[in-house]
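Asker: Prediction below, plus the sequence it came from.
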Amino acid sequence: MSRLLIDVGNSSAKWAVFDGYNLNAQRHSGSVSEFAAVLDAEVHDKTSVWIASVRGEQFDQALVSELQALEFTGVHICGTALLEDGLLNSYEEPSRMGADRWFAMLGARACQPGPLLVIDVGSAVTCDLVATDGRHLGGYIFPGPALMEAALQLNTRKVRYTDSLESTIVPGQSTAECVASGISAAVLGAVKQVCEQYPDHHIIFTGGGAAGLKALGLAGDWRPDLVLEGLLRRALGTDVAFTT
């Protein structure tokens with residue numbers, strides 16, 4: 001039996017079918033109906049579906065309904081646990097941690113032993129610390145590049161441009177270039193500050209904006225499908241505890 005794994009982020013979704021050997025992830029940014037139609041056309045085994053989502057309950061219910069209408073069965077919305085596969089949640093209410101962070105940490109622990117710093121660069125940037133024994137030591141959350149750009153566009157009168165932004169920390173010579181350099185410097189500076197605080201933690205980073213950090217010289221392992229890798233741990237039936 002293969003397993004369909006879906007990572008629903010704030011702006012797009014990633015999905016892959018695990019056939020026992022490989023994860024070949026694809027990204028989709030259309031509507032719920034369009035996404036379900038793509039899955040219907042591409043996925044042959046519809047009996048095992050595992051979803052990690054941060055989009056919200058309304059989106060999740062709509063996606064489940066669309067999939068069930070297309071005869072997908074065994075659909076699981078996967079939340080954060082207290083204890084899973086040796087990973088211990090630090091939150092007083094474990095379910096309040098974003099599923100993306102939890103499954104990214106599970107994926108990181110599955111591929112790398114020892115103390116970890118897991119960095120996910122999406123709409124928000126999250127940095128999570130994991131001890132060698134699996135304890136989540138806490139983390140950091142701050143706006144990602146797209147949110148920073150949107151805040152400047154929304155809350156200033158003179159910061160206006162139509163150019164697309166590229167990751168760079170070279171001083172800009174146009175408004176767009178200045179914004180690109182400022183955002184890159186802010187994100188990279190914050191991430192580097194966290195990394196310098198925990199030099200013994202192995203860095204693993206993921207997320208749609210992580211390639212930009214990699215291009216700017218962030219050292220570490222880049223695993224673009226890390227959340228799906230962690231979600232696979234749940235799908236394979238590792239030990240899970242959800243309450244104290």
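Answerer: Nice, thanks for sending it over.

Asker: Where does the prediction get shaky in the protein?
Answerer: 239-244 (pLDDT under 70).

Asker: what about the helices in it?
Answerer: 32-42, 57-69, 99-111, 145-155, 175-197, 210-215, 226-235 (DSSP state H).

Asker: So for Asp163, which of the ones you listed sits nearest?
Answerer: helix 175-197 (3.7 Å; Cβ to Cβ). (Glycine included, C-beta is placed from N, CA and C.)

Asker: neighbours around Val227, how many?
Answerer: As a burial measure, Val227 scores 31 neighbours (other Cβ atoms under 10 Å).

Asker: Ok, Ile77 next?
Answerer: 17.

Asker: Tell me who's in contact with it.
Answerer: Ile51, Ser53, Asp60, Val64 (Cβ atoms under 8 Å, 6 or more residues apart in numbering).

Asker: my read: the last one touches Thr73, true?
Answerer: Which is Val64. No - Val64 lies out of contact with Thr73 (Cβ atoms under 8 Å); the separation is 11.2 Å.

Asker: rewinding a little: can you tell me which of the contacts of Ile77 is closest to Leu4?
Answerer: Of those, the one sitting nearest to Leu4 (Cβ to Cβ) turns out to be Ile51, at 8.8 Å.

Asker: Could you give the bridge partners of the closest one?
Answerer: Note on Ile51: beta-bridge partners Ile6, Ile77, judged by DSSP bridges.

Asker: measure it to Glu93 for me?
Answerer: 21 Å (Cβ to Cβ, to the nearest Å).

Asker: Tell me which of these two has more neighbours.
Answerer: Ile51 (22 against 11).

Asker: quick one: that one and Ala36, what's the gap?
Answerer: Ile51 is 12 Å from Ala36, by Cβ to Cβ.

Asker: Find the residues that touch each one of the two.
Answerer: Leu63.

Asker: Who are the contact partners of Ala37?
Answerer: By Cβ under 8 Å, 6+ apart, the neighbours of Ala37 are Leu70.

Asker: got a list of what Lys151 touches?
Answerer: Careful, residue 151 is Ala and not Lys. Per Cβ under 8 Å, 6+ apart, neighbours of Ala151: Pro143.

Asker: run the last query once more with 6 Å
Answerer: Contact analysis of Ala151 by Cβ atoms under 6 Å, 6 or more residues apart in numbering lists nothing.

Asker: Distance-wise, check it relative to Gly230.
Answerer: 30 Å.

Asker: ok, now Val8?
Answerer: For Val8 relative to Gly230 (Cβ to Cβ), the value is 14 Å.

Asker: So the two - more neighbours on which side?
Answerer: For Val8 versus Gly230, neighbours defined as other Cβ under 10 Å are more numerous around Gly230 (31 against 25).

Asker: My guess is that one contacts Ala110. True?
Answerer: No - with contact defined as Cβ atoms under 6 Å, Gly230 does not reach Ala110; the gap is 7.0 Å.

Asker: Compare Val64 and Thr73 (neighbour count), which wins?
Answerer: Legend: neighbour count by other Cβ under 10 Å for Val64 and Thr73, higher for Val64 (19 against 10).

Asker: show me the contacts for the nearest residue to the more buried one once chain neighbours are set aside.
Answerer: Excluding its sequence neighbours, the residue lying closest to Val64 (Cβ to Cβ, 6 or more residues apart in numbering) is Val75, at 5.4 Å. Val75 makes contacts with Val49, Val64, Leu67, as judged by Cβ under 6 Å, 6+ apart.

Asker: Identify the residues contacting stretch 126-139?
Answerer: 86-90, 101, 105, 114-120, 140-141, 194.

Asker: Show me those residues that map onto strands.
Answerer: In strands, defined here by DSSP state E, the members of the contacts of stretch 126-139 are Leu87, Leu88, Leu116, Leu117, Val118, Ile119, Asp120, Tyr140, Ile141.
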